[in-house]
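Asks: give me coordinates for this.
(2 chains)
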Amino acid sequence: MQQFDQIIARLPYSKPFLFVDKLHAVDENGVEGSYTFPEDSAFYKGHFANRPVTPGVILTEVMAQIGVVCLGIFLATDALDNDLEIALTSTQVDFFRPVFPSETVLVRSTKDYFRFHKLKCKVEMLNSNGELVCRGTIAGMMKSKNHA
Amino acid sequence: METKDELITTLKTIVKPYVQDEQAFQNLTEDTDFIKDLKINSANLVDIALDVEEAYDIEIDNESMERMLTVGSAIDIIRQKLEAK
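Replies: Numbering: from 1, shown residues only, chains lettered A, B, ... in the order given. Okay, the predicted model is just below:
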């Protein structure tokens, strides 16, 4: 879908810190997308030594990029024309299952509110078996750069 | 309508969970700046605005939000919105 590609193209990240492969759905109330962790991702070399497991902070980042930033680009109506200034402002995440190299995860986010440039969402991550990996609340501030 | 002291008391209850500078909070006056004095971040200032809306059943518009930087300006905004109801 062209709209999904446009949103991903507006993300202010690049490899190796871009954690969005695909968006599957987006509307004013939420977003769904996925990411596959490359086996050669740098963090697997040290987390943990000789036993690669995806770090919780990276899982949180995946949830933030798909669940909050992608949705924010969709919701901030002028974001497709202007660069967004974004900042993560809070995370509260509980973790339930590990994610290993080359796994694909699905992220689903539901908007709690988007007001005064703050987007707060309930976000969950599932593995390819549909099992809950982690779930929580993530918020960030976002406004387009030419905004007063 | 609540007196100014009552408004400040209610506002203090709303603001308390987000305060990062406890001493500035103890010495709170109308001139206290949410960000500079209480060290509240802009994201939590949004939460304060939403809590104020709920407590007083009012709606804070974008323009009001932009000037809601001190305890005094918050009280002015609350009074203004209550009068307009």
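
Asks: could you find the closest non-adjacent residue to the residue nearest the centre of chain B?
Replies: Among the residues of chain B, the one closest to the centroid is residue B:74, at 4.4 Å (Cα atoms, centre = their mean). Distances taken as Cβ to Cβ, 6 or more residues apart in numbering or on different chains put residue B:68 closest to residue B:74, at 5.2 Å, once the chain neighbours are dropped. Every C-beta, even on glycine, is put in place using the N, C-alpha and C of the backbone.

Asks: correct me, but that neighbour touches residue B:49?
Replies: Yes - applying Cβ atoms under 8 Å as the test, residue B:68 and residue B:49 come out as touching, 6.4 Å apart.

Asks: which strand or helix spans whichever residue of chain B sits closest to chain A?
Replies: In chain B, the residue that lies nearest chain A is residue B:43 (3.4 Å; Cβ to the nearest Cβ). Counting by DSSP states H and E, the element that carries residue B:43 is helix B:42-56.

Asks: what does that helix contact?
Replies: Helix B:42-56 is contacted from outside by A:89-90, A:113, A:115-118, A:139-141, B:10-11, B:14-15, B:18, B:34-35, B:40, B:58-60, B:65, B:68, B:74, B:78, B:81-82, using Cβ atoms under 8 Å, 6 or more residues apart in numbering or on different chains.

Asks: how about whichever helix or strand comes after that helix, does it reach chain A?
Replies: Using DSSP H and E, the helix or strand that follows helix B:42-56 in sequence is helix B:62-67. Yes - residues of helix B:62-67 contacting chain A under Cβ under 8 Å from any Cβ of the partner chain: B:62, B:65.

Asks: spell out which residues of chain B are next to chain A.
Replies: So chain B meets chain A at B:41-44, B:46, B:49-50, B:62, B:65 (Cβ under 8 Å from any Cβ).

Asks: among these, which two are most distant?
Replies: Spatially, the most separated pair among the residues of chain B next to chain A is B:41 and B:62, at 18.7 Å (Cβ to Cβ).

Asks: which one of those two has more residues nearby?
Replies: residue B:41 (16 against 9; other Cβ atoms under 10 Å in any protein chain shown).

Asks: mind checking which helix or strand the closest residue to that one other than its chain neighbours is in?
Replies: Distance criterion Cβ to Cβ, 6+ apart; nearest residue to residue B:41, sequence neighbours excluded, is residue A:89 at 6.4 Å. Using DSSP H and E, residue A:89 sits within strand A:84-95.
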